[in-house]
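Chemist: below are the sequence and a predicted model for it; my questions follow.
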Amino acid sequence: MDEHGLAAAAERMLQRDGWHVIAMPEKGRPRLYARDRGGRQLDVGFRPVNEASADEDAPTGPAPLREAGRPGVDNLIRVVVSRGSYSRTDVLWASRQGGVRLVDGRQLQQWAAGASLDDLGLPG
């Protein structure tokens with residue numbers, strides 16, 4: 001599944017979970033904006049597995065969805081979805097951004113199997 005296929009799958013899963021989703025591609029790359037009934041807003045970006053950084057400190061398993069601080073100043077919760085795993089550097093980057101959540105391949109499988117992003121730790 002390429003980056004565009006991943007975005008299409010994420011769009012369907014968000015809709016399944018009750019989110020209103022709008023595709024907002026940026027510079028030829030897929031990107032989604034989503035809003036739920038409670039007013040939460042998501043900015044969903046995608047990272048192809050081949051863009052995963054080759055970090056020698058990378059954990060051997062997938063990184064969990066990390067609490068990365070409060071949503072950004074604009075109240076968007078930023079989510080980066082990848083079929084692969086995230087390195088320690090990626091997780092540190094996300095934690096410094098505020099409001100960035102990383103969804104790795106293992107969590108993507110759980111989401112596809114019926115778990116919601118809330119089940120995976122998205123803030124309420």
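Modeler: Thanks, I have it. Every value quoted in this text rests on a predicted model; they were computed, and no experiment measured them.
Chemist: ok, longest helix in the protein?
Modeler: Longest helix in the chain, counting residues (DSSP state H): helix 3-16.
Chemist: any idea of the mean pLDDT in that one?
Modeler: What helix 3-16 shows for mean pLDDT is 96.
Chemist: and for stretch 22-34?
Modeler: 93.
Chemist: now do the helices in the protein.
Modeler: Counting by DSSP H, the helices of the chain are 3-16, 88-97, 105-112.
Chemist: show me what the second one is packed up against.
Modeler: So the one you mean is helix 88-97. With contacts defined as 3 or more C-beta pairs under 8 Å, 6 or more residues apart in numbering; DSSP states H and E, helix 88-97 has these neighbours: strand 100-103. C-betas here are computed from N, CA, C, even on glycine.
Chemist: off-centre distance for the strand it packs on?
Modeler: Relative to the centre of its chain, strand 100-103 is centred 5 Å away, using C-alpha atoms, centre = their mean, to the nearest Å.
Chemist: helices or strands up against it?
Modeler: Using 3+ C-beta pairs under 8 Å, 6+ apart: strand 100-103 touches strand 76-82, helix 88-97.
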